[in-house]
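*Asks:* Pasted the sequence and its predicted model underneath.
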Amino acid sequence: MALDKPWRALATVVLTLLYGGFLAAPLVLLVKEASLHREIDAFLGVEDSFVLHRAQIEADRATILLQQTLYGDPAAHSDRVRTAFDVLYGRREALINVGRRTALGSLPAFDGAIASMAAVIDQADRLLEAHDGDGLPAEPVSALLDRIDALHGHLATLSGQAVAAGAMARDEIRARTASLNEQVDASLLALLLASPIYVGGLVATNLRLRRAARRMAALASELGSKNVELIRARDEAEAAGRAKTNFLANMSHELRTPLNAVIGFADVMDQEMFGPLGNDRYREYAGDICGSARHLLGLIGRILDFAKIDGGHWQLEERAERPAEIVDTALRMVRPLAEARRLRLTRTDGVDALFVRLDERAIMQAVVNLLSNAIKFSHDGGRIDVTLARNGLGGLDIRVADHGIGMTEADVARVVLPFTQVGDSFARAKEGIGLGLAITRALVDLHGGELLIESAPAVGTAVTIRLPAERIETAETRRGAARRDGARRQLA
């Protein structure tokens, strides 16, 4: 009996501790449950990135309207542009409200996206107030388009972070829900064995957790419907991009026909085919009209090429060609422009006899674009170097290097974007609409190659067309191609 009392006391202490633990278990589970519900609410906000896609769509619509103003489309008047930015302002306010009540506002890119939207809207307001009811000038519109491009980058980064954060939160909540359910089951079993007093509380806790599980299931269903909406929003954005491309192509076609007539009539007047004009200034004016119209026709041709490439309608006509001959032809084409600036063109070639399978017209246009840019941004009396050489990967490099004004690293990243002009006032004063390098990169991409740009301010720029090794024609592949051509001619 003497030994029985200590064991009984020990048993009492153990049971008291167990009862205390059992009593504390529901409280701990309730705290975990409340934390879980808060995370579910935050998870809803992070996954609800639909407002981001709506903001991206409105930014795309504003971009299209601004680009239409650059081409004088009467439908793109200032009222429509103002309405587009008013809607974008509303999207910004909606995004701020979502960020305040959910975890979306804690993402690293959130503040940057809000600030970028505010900057775009503020710049648009100043532009519209300064030109209320008038046509919008090209330079501030181009600057605003650059700002909107930066906004697209901020929104895309925020959207990616929201999706990633939502996915991580979803997995963590599922794991914690499973763990919490296991703890509830264990506590319920222990309380059933220890005391029926705690059964009611644990059952109630278990029911609440199961409601949370059902809420998660409903959330999964809701996310499925939101995914459909996001797909619809993506399709609308792609449709807006196609509409922009179609607008450029249609507008360019509409301008090309009257321009050809202007060039023809101006040429007739310049050559005095039907008799003298009576004053030498008339001939001079006719020559200016003809030259300006040809320049504008060239710009329209570039827009048409870009629209064709952007729409996926450019088909390569590949044959075995000598790149050295293509480069020589391109140099002859631009030599008058170089001589007018007293520029010296040099060519270094170690691959005279090399044949490459390519589209001659596409590569010719790419090389002429690079040479034209090099001439445009070189200082008078300078030098432009053209080099053809095999690279370390077995392919071919066509390199055009100038010693002109050069670019910063930030400009190099942007210069290949369509309708983008970078640099200082000297660069922007040059002719062009910012499509040369964009078209060149697209044509090189169609060949499976790369466009590499090296540049430094006040040093110069070197641009390399890198064609892959599989396009190099060997003697065996050329014989096989000749046999196939002969077989096709016989069948024809």
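*Replies:* Received the coordinates, thanks.
*Asks:* where does the stretch 201-350 of the chain dip in pLDDT?
*Replies:* Residues of the stretch 201-350 of the chain that meet the criterion pLDDT under 70 lie in 201-206, 208-209, 240-253, 255-256, 311, 313.
*Asks:* Going by residue numbers, what spans are strands in it?
*Replies:* If DSSP state E, counting those that start in this stretch is used as the criterion, the strands of the stretch 201-350 of the chain fall at 318-321, 344-349.
*Asks:* Can you add mean neighbour count and give the ones you listed back as TSV?
*Replies:* Heads up, the C-betas are built off the backbone N, CA and C, glycines and all. As requested, these are arranged in TSV below (neighbours: other C-beta atoms under 10 Å):
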stretch	mean neighbour count
strand 318-321	16
strand 344-349	13
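*Asks:* closest to Val163 out of those strands?
*Replies:* Proximity to Val163, assessed across the strands of the stretch 201-350 of the chain by C-beta to C-beta, is greatest for strand 318-321 (40.1 Å).
*Asks:* re the thing from before, dump the strands of the stretch 201-350 of the chain to CSV, plus distance to Arg441.
*Replies:* As requested, these are arranged in CSV below (distance: least, C-beta to C-beta, whole Å):
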stretch, distance to Arg441
strand 318-321, 19
strand 344-349, 23
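*Asks:* what's the closest of those to Arg335?
*Replies:* Counting by C-beta to C-beta, Arg335 lies closest to strand 344-349 out of the strands of the stretch 201-350 of the chain; the figure is 6.5 Å.
*Asks:* Contacts for the closest one next, please.
*Replies:* With contact meaning C-beta atoms under 8 Å, 6 or more residues apart in numbering, strand 344-349 is reached by 324, 327-328, 331, 334-335, 338, 371, 382-389.
*Asks:* picking that back up, among the strands of the stretch 201-350 of the chain, which comes closest to Leu297?
*Replies:* Using C-beta to C-beta, the strands of the stretch 201-350 of the chain put strand 344-349 closest to Leu297, at 25.5 Å.
*Asks:* Partner strands of that closest one, with direction?
*Replies:* strand 383-390 (parallel) (DSSP bridges).
*Asks:* Show the subsequent helix or strand relative to the strand it pairs with.
*Replies:* Next in sequence after strand 383-390, counting helices and strands by DSSP states H and E, comes strand 396-402.
*Asks:* residues in contact with Arg341?
*Replies:* Contacts for Arg341 (C-beta under 8 Å, 6+ apart) come out as Ile375, Ser378, Asp380, Gly381, Gly382.
*Asks:* Show me the two of those residues that sit farthest apart.
*Replies:* Ile375 and Gly381 (12.3 Å).
*Asks:* Between those two, which contacts overlap?
*Replies:* Shared contacts of Ile375 and Gly381, defined by C-beta under 8 Å, 6+ apart, are found at Arg341, Leu343.
*Asks:* Show me which of the two is the more surrounded one.
*Replies:* Ranked by neighbour count (other C-beta atoms under 10 Å), Ile375 and Gly381 place Ile375 first, with 21 against 9.
*Asks:* Would you check that that one makes contact with Val334?
*Replies:* Yes: with contact defined as C-beta atoms under 8 Å, Ile375 reaches Val334; the gap is 6.2 Å.
*Asks:* re the thing from before, wait, which of the contacts of strand 344-349 is closest to Gly99?
*Replies:* Leu371 (49.6 Å).
*Asks:* What pLDDT is listed against the closest one?
*Replies:* Model confidence at Leu371, expressed as pLDDT, equals 94.
*Asks:* What sits closest to it if chain neighbours are left out?
*Replies:* With C-beta to C-beta, 6 or more residues apart in numbering as the measure, Val334 is the residue that lies nearest to Leu371, at 4.6 Å, once sequence neighbours are left out.
*Asks:* Now do the contacts for that neighbour.
*Replies:* Applying C-beta under 8 Å, 6+ apart to Val334 gives the contacts Leu345, Val368, Leu371, Ser372, Ile375.
*Asks:* and Ala220, how many neighbours does it have?
*Replies:* 11.
*Asks:* mind listing the helices for the stretch 201-350 of the chain?
*Replies:* Assigned by DSSP state H, counting those that start in this stretch, the stretch 201-350 of the chain shows helices spanning 280-310, 323-340.
*Asks:* Can you spell out which helices and strands pack onto the longest one?
*Replies:* It stands for helix 280-310. The helices and strands touching helix 280-310, judged by 3 or more C-beta pairs under 8 Å, 6 or more residues apart in numbering; DSSP states H and E, are helix 199-271, helix 436-446.
*Asks:* Skip ahead from the last one and say which helix or strand is next.
*Replies:* Downstream of helix 436-446, the next assigned helix or strand under DSSP H and E is strand 450-456.
*Asks:* would you put the C-alpha positions of that next one in CSV?
*Replies:* Taking only C-alpha atoms (Å, rounded to 0.1, in the frame of the first residue of the first chain), the coordinates of strand 450-456 have been written out as CSV:
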residue,chain,number,x,y,z
GLU,A,450,20.9,34.6,-84.2
LEU,A,451,21.3,38.4,-84.3
LEU,A,452,24.1,39.4,-82.0
ILE,A,453,24.7,43.1,-81.1
GLU,A,454,27.8,44.6,-79.4
SER,A,455,27.9,48.3,-78.8
ALA,A,456,29.3,51.1,-76.6
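*Asks:* measure Arg294 to Leu435 for me?
*Replies:* As for Arg294, its distance to Leu435 is 17 Å (criterion: C-beta to C-beta, to the nearest Å).
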